[in-house]
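Trainee: Here is my input, please return the structure:
(2 chains)
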There are 2 protein chains.
Amino acid sequence: MSAKPTSRDIRTANRYEVLRQIIARSPTSRQELAAATGLSLATVATLVGELLDLGMLTEVGFEDSAGGRPRGLVAVNASGGTLIGVDIAETYVRVELFDLALDLLARACEEMGPGEKHPEQVVAQVTAAVGSVVSQAGAAGARVLGVGVSVPGQVDRDRGVCAYAANWDWHDVPLLDLLAEHIDHPLYLDNPLRACTVAELWFGAARGRGDAVVVNLGTGVGAGLALGGGLHRGVSNSAGEWGHTTLVLDGRLCHCGNHGCVETYVGALGIMLNLRELSPRSPLLHPEDQTATIDALARGVAAQDPVAFEVLRETARYLGAGISDLVNLLNPEVVVLSSWVATALGEPLLREVRAAVGRRALRRPFAATDIVLSPITTDPVCLGAATFALEGALRSPRRGHTQPPEPAAMARSSTAPPS
Amino acid sequence: MSAKPTSRDIRTANRYEVLRQIIARSPTSRQELAAATGLSLATVATLVGELLDLGMLTEVGFEDSAGGRPRGLVAVNASGGTLIGVDIAETYVRVELFDLALDLLARACEEMGPGEKHPEQVVAQVTAAVGSVVSQAGAAGARVLGVGVSVPGQVDRDRGVCAYAANWDWHDVPLLDLLAEHIDHPLYLDNPLRACTVAELWFGAARGRGDAVVVNLGTGVGAGLALGGGLHRGVSNSAGEWGHTTLVLDGRLCHCGNHGCVETYVGALGIMLNLRELSPRSPLLHPEDQTATIDALARGVAAQDPVAFEVLRETARYLGAGISDLVNLLNPEVVVLSSWVATALGEPLLREVRAAVGRRALRRPFAATDIVLSPITTDPVCLGAATFALEGALRSPRRGHTQPPEPAAMARSSTAPPS
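Mentor: Numbers count the residues shown, from 1 in each chain, chains lettered A, B, ... in the order given. Modelled structure (predicted):
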């Protein structure tokens, strides 16, 4: 298998980039799009024409150009279809329905108890939540272009299979085939790391940047790589496992079987261990509750609690070393801190991390890199999963749902979508 | 600055890929090239036409296709021009002249004493050696398409400036402007890591692979990234500084000012330290001579010397951890071990490294990755530097040297090339 781009990939990437810029700038002209994307005006005009034919854009009038002919303006056709994003997590299933500008129209969430880990149970929860958002959305719910599904773990996206999910001990679960028995829309599967990265690429801090790294700080830890304007997946769709790179050879034991992985120092459990090593009886520590501990640390930092601040600094020292590795190796334009631990610890963590990377990274790549918090304020996993469906619709476009579904390599659907 | 590919970049990348496949398969048909590159037959025909017009290819007859029309065959026009690669190292300047198939036609080497570190001295050595290969090559020497120059350190290739070279304490040396006073050909500057990576991409183990990592093991250590079929440079052309990623937090002091960098464990000096820690008075150790020590270790391993073997294993343990990080983060198709330490320690090192990565990397990306020794038997830095000149000629083609030079962003030349 080769990850070398074909001319079809390049056309698809250009289509992504043009729509991304239109979403960012709506309304906008073809001339402005050519300047923003670096594509020729002729190429932009062709791509805009395709998107107009697909009903994804509308013409919205003209703007004067200095002395020249008035320029036609296009905007996203928000009512051209809807997209659904599904975030399957350990303790909940969250489903959101968006219009084509990726504005949120409806949301549903199903709690999952600790016993509910069988694939059939998860499929039932997802099916119920998808049904809920579709009916909430009314008429818009009848125009679903696709459903993107994020599941934690290693994903074979071409086959729609969850190859391995540690939390539930799933091995080679054909999740998309199971979902396609209940959901009559094209389905797309991937994992939360790639969902967050795609969300940053389309709507967040990586948009318009050449090379970006999205550092996901949650229970698990990863680094989504958006290189050359697109997601770097690697040869078997498992790139980004930065959480399982070595920070301390022969260091802390990791659940992957290795020692000294980045995740054991900067994941939520790693941060709890940083706290325990510093102050074993700290009232900040909620031994069985990661979220409560991270929230207590955030409040402690805000209240200038010295233990909380010391844990923040120590965590930032580890994180700074790990991010310096990414900066030195990849020389990105921007490093984005994302996911719930980054959100909870926010600006104080960012400040300490910037200082730690500044002390450690090589001068030249450090000077070229911004380090920022994710600007996305909604659930980035749902947003990114819905974007998988948008990308799928752009890869294998069907006009206005009147044609039968084409066999698309990445999409599964048990029946034709409603016409 | 953005590393996002423009349509011009994409055309250039396609031109590279087609010529790369022609060099690998000469003679070959347009149909075979379309199959090998994933490009459409129409695109391949256009690109082949351009390369024919440039005199880089020749038509060499026809092959029968089963039942169809005979297919035209093309091959590299070895006499269509020559390329020069310059490898500036600490103790020597090596210059090689190649034909368009990158077969070696002439070579020159100038030793440099420890005192010779002024830019003017280096420029004089390079000028003399380039003059030597041109006159050795006779008539072919009059058709030089460009000169690629590799200099160790951080390079601003767009400005042709050596931003920082630790060995000589160079800061912002305008090397290409200095060379252009003496050399009347388009000049291209970059560093040895990227030269070796481009050599693997065009002629070595990365050719035809989607994502490859070229691990350079010498005095310095780096990881050249060939992603999506092209060199990943990063936003300021400094990607690949894997030698300065952390393997052991708070570990050995590195000359970059940090502690625990990969280079301090697996670079030539790091390996000497591995030996010294294990056996301080070992006769294998030549305290002032890296090359002699590495050679002694290689002979020791071949002779089943237990100390040599233990040093090899310990080095492979460090290297295995560092390469596992690359495998987990980037999920490449192939990891290539290159440069003189990898050549000297050869198959025994490869065997131990494969085992160490197998123990440490995640199962899924490890299963998708080959780890190999570089198959390039000549100086990969000269070959890669000459390839920079080839790529430059393909970016800003000039037909047969009869037109005046165009102002090319990446090329410098003081005067028009000989017509």
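
Trainee: residue contacts, the residue in the stretch 51-200 of chain A that chain B sits nearest to?
Mentor: Using C-beta to the nearest C-beta, the closest approach of the stretch 51-200 of chain A to chain B is made by residue A:154 at 5.4 Å. No exception for glycine: its C-beta is placed from N, CA and C like everyone else's. By C-beta atoms under 8 Å, 6 or more residues apart in numbering or on different chains, the contact list for residue A:154 reads A:162, A:163, A:164, A:165, A:191, A:238, B:364.

Trainee: now swap in residue A:347 and tell me
Mentor: residue A:373.

Trainee: element containing it?
Mentor: helix A:340-360 (DSSP states H and E).

Trainee: Who does the residue of the stretch 51-200 of chain A closest to chain B form a beta bridge with?
Mentor: On the basis of DSSP bridges, residue A:154 is bridged to residue A:164.

Trainee: Now stretch A:282-296: buried residues?
Mentor: A:282, A:284, A:285, A:290, A:293, A:294, A:295, A:296 (16 or more other C-beta atoms under 10 Å in any protein chain shown).

Trainee: ok so the first one is a helix residue?
Mentor: No: assigned with DSSP: H, G, I helix; E, B strand; the rest coil, residue A:282 falls outside any helix and is coil.

Trainee: show me where the stretch 301-419 of chain A has helices.
Mentor: Remark: helices assigned in the stretch 301-419 of chain A by DSSP state H, counting those that start in this stretch are A:306-330, A:340-360, A:363-367, A:380-395.

Trainee: any idea which of those is most buried?
Mentor: Of all the helices of the stretch 301-419 of chain A, helix A:380-395 carries the top mean neighbour count, a mean of 26, counting by mean count of other C-beta atoms under 10 Å in any protein chain shown.

Trainee: which helices and strands sit right next to that helix?
Mentor: Contacts defined by 3 or more C-beta pairs under 8 Å, 6 or more residues apart in numbering or on different chains; DSSP states H and E place helix A:380-395 against helix A:7-25, strand A:82-88, strand A:92-99, strand A:144-150, strand A:187-190, helix A:192-203.

Trainee: Which of the ones you listed sits closest to residue B:44?
Mentor: Closest to residue B:44 of those, according to C-beta to C-beta: helix A:7-25, at 9.8 Å.

Trainee: for the contacts of residue A:154, which one is nearest residue B:202?
Mentor: residue A:238 (27.4 Å).

Trainee: Contacts for stretch A:43-57 next, please.
Mentor: Counting by C-beta under 8 Å, 6+ apart, A:14-15, A:18-19, A:22, A:30, A:33-34, A:37, A:39, A:58-59, A:74-77, A:80-81, A:100, A:393, A:397, A:399-400, B:7 sit against stretch A:43-57.

Trainee: follow-up on the earlier one: now which of the contacts of residue A:154 would you call buried?
Mentor: A:162, A:163, A:164, A:165, A:191, A:238, B:364.

Trainee: Please type out the ChimeraX selection for whichever of the contacts of stretch A:43-57 turn out to be buried.
Mentor: Buried subset of the contacts of stretch A:43-57, written as a ChimeraX selection, criterion 16+ other C-beta under 10 Å:
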select /A:14,15,18,19,22,30,33,34,37,39,58,74,75,76,77,80,81,100,393,397 /B:7
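
Trainee: want to throw the helices of the stretch 301-419 of chain A into JSON lines with mean pLDDT?
Mentor: Listed next are those as JSON lines, based on pLDDT from 0 to 100:
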{"stretch": "helix A:306-330", "mean pLDDT": "98"}
{"stretch": "helix A:340-360", "mean pLDDT": "97"}
{"stretch": "helix A:363-367", "mean pLDDT": "94"}
{"stretch": "helix A:380-395", "mean pLDDT": "94"}
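
Trainee: Which part of the stretch 251-400 of chain A gets nearest to chain B, residue-wise?
Mentor: For the stretch 251-400 of chain A, C-beta to the nearest C-beta, closest residue to chain B: residue A:331, 2.3 Å.

Trainee: closest point of the stretch 101-250 of chain A to chain B, which residue?
Mentor: Nearest residue of the stretch 101-250 of chain A to chain B: residue A:234, at 2.3 Å (C-beta to the nearest C-beta).

Trainee: Does that residue touch residue B:362 like I think?
Mentor: No: using C-beta atoms under 8 Å, residue A:234 is not in contact with residue B:362; the gap is 11.2 Å.

Trainee: Tell me which of these two has more neighbours.
Mentor: Remark: of residue A:234 and residue B:362, residue A:234 carries more neighbours, 26 against 19, as counted by other C-beta atoms under 10 Å in any protein chain shown.

Trainee: Next one, pLDDT for that one please.
Mentor: Note for residue A:234: predicted pLDDT of 95.

Trainee: Equivalent analysis for residue A:271, please.
Mentor: The per-residue pLDDT reported for residue A:271 equals 98.

Trainee: Check which helix or strand it maps to.
Mentor: Assigned by DSSP H and E, residue A:271 falls in helix A:268-278.

Trainee: and the angle from that helix to helix A:306-330?
Mentor: Relative orientation of helix A:268-278 versus helix A:306-330 (axes from the mean of the first three to the mean of the last three C-alpha atoms, to 10 degrees): 130 degrees.

Trainee: can you tell me if helix A:268-278 touches chain B.
Mentor: No: figure legend: helix A:268-278 not in contact with chain B (C-beta under 8 Å from any C-beta of the partner chain); closest approach 13.0 Å.

Trainee: Walk me through the domains of chain A.
Mentor: For chain A, automatic domain parsing gives the domain ranges A:7-76, A:81-195+A:379-395, A:207-373.

Trainee: check contacts around residue A:175.
Mentor: Residue A:175 makes contacts with A:119, A:122, A:123, A:149, A:151, A:160, A:161, A:162, A:189, as judged by C-beta under 8 Å, 6+ apart.

Trainee: which of the residues you listed tops the neighbour count?
Mentor: Within the contacts of residue A:175, most neighbours by other C-beta under 10 Å means residue A:149, with 29 neighbours.

Trainee: so which of the contacts of residue A:154 comes closest to residue A:133?
Mentor: Among those, and counting by C-beta to C-beta, the member closest to residue A:133 is residue A:191, at 21.3 Å.

Trainee: Could you find the closest non-adjacent residue to that closest one?
Mentor: residue A:155 (4.9 Å; C-beta to C-beta, 6 or more residues apart in numbering or on different chains).

Trainee: How about the contacts made by the one you found?
Mentor: Residue A:155 makes contact with A:161, A:162, A:163, A:189, A:190, A:191, A:237 under the criterion C-beta under 8 Å, 6+ apart.
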